[in-house]
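Trainee: Okay, sequence plus prediction incoming.
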Amino acid sequence: MKNEIRYVHTNLVAKDWKRLAQFYIDVFGCIPAYPERDLSGNWIDKMTMISGVKIRGIHLKLPGYENGPTLEIFQYSKASGDNTHSINNYGFGHLAFHVSDVEDTVRKIISHGGGKYGELAETKIEGIGIIKAIYSTDPEGNIIEIQNWRKK
């Protein structure tokens, strides 16, 4: 029997899951995939290796997909507290969204509590097209790439 594999979700660990989820709903049009999660018990202690952990949060449907992977935003009752975000850290680097208007999206990010991480850049990549992109951050410092590709 063939082992079928499909990508399911990306998890962001939040300080305030409701605020962070609302940011992704307001800025990128993500849609809540109910029910909200309220996880606890021996099974989740075993998975996380954290005794007595409680996890609250929600999955968000990503824009452009009906039943595709989700963004899972969880808040742990026992968090590690290490919240250093850098584009070149090992592990999770950033989320990326293609948008029709990069500058407008960055303004929306800032107006909803996020920020800029780098500067706007544009270049031609042979065989692919022209990319205009900038790194920004959500309200908790997670890095988001805002990009627009066009052919020329």
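Mentor: Received the coordinates, thanks. Predicted, not measured: the structure shown is a model, and the values here were computed from it.
Trainee: CA atoms for contacts and neighbours, from now on please.
Mentor: OK.
Trainee: If you count neighbours, what's buried in the longest helix along the chain?
Mentor: Ranked by number of residues, the top helix in the chain under DSSP state H is helix 17-28. Within helix 17-28, the residues scored as buried using 16 or more other Cα atoms under 10 Å are 17, 20, 21, 22, 23, 24, 25, 27, 28.
Trainee: what's the closest non-adjacent residue to residue 28?
Mentor: Sequence neighbours aside, residue 63 is the residue nearest to residue 28 in space, at 7.0 Å (criterion: Cα to Cα, 6 or more residues apart in numbering).
Trainee: Show the contacting residues for the most centrally placed residue in the chain.
Mentor: With distances taken as Cα atoms, centre = their mean, residue 95 lies nearest the centre of the chain, 5.1 Å away. Contacts for residue 95 were tallied using Cα atoms under 8 Å, 6 or more residues apart in numbering; they are 143, 144, 145.
Trainee: One more pass at 10 Å, please.
Mentor: 10, 71, 135, 136, 137, 142, 143, 144, 145, 146 (Cα atoms under 10 Å, 6 or more residues apart in numbering).
Trainee: ok, of the buried residues of helix 17-28, which one's closest to residue 37?
Mentor: Among the buried residues of helix 17-28, residue 17 lies closest to residue 37 (Cα to Cα), at 10.8 Å.
Trainee: okay but the closest one is in contact with residue 73, surely?
Mentor: Yes. In this structure, residue 17 is within contact of residue 73 by Cα atoms under 10 Å, at 6.0 Å.
Trainee: who touches both of these two?
Mentor: 55, 56, 57, 58.
Trainee: Can you show me the strands along the protein?
Mentor: 9-13, 31-40, 54-61, 70-76, 95-98, 115-116, 121-125, 129-137, 143-150 (DSSP state E).
Trainee: Please work out which of the ones you listed is packed deepest.
Mentor: For the strands of the chain, average neighbour numbers computed from mean count of other Cα atoms under 10 Å are highest in strand 70-76, which has a mean of 22.
Trainee: which stretches of this protein aren't confidently modelled?
Mentor: The model of the chain has pLDDT under 70 over residues 80-88, 90.
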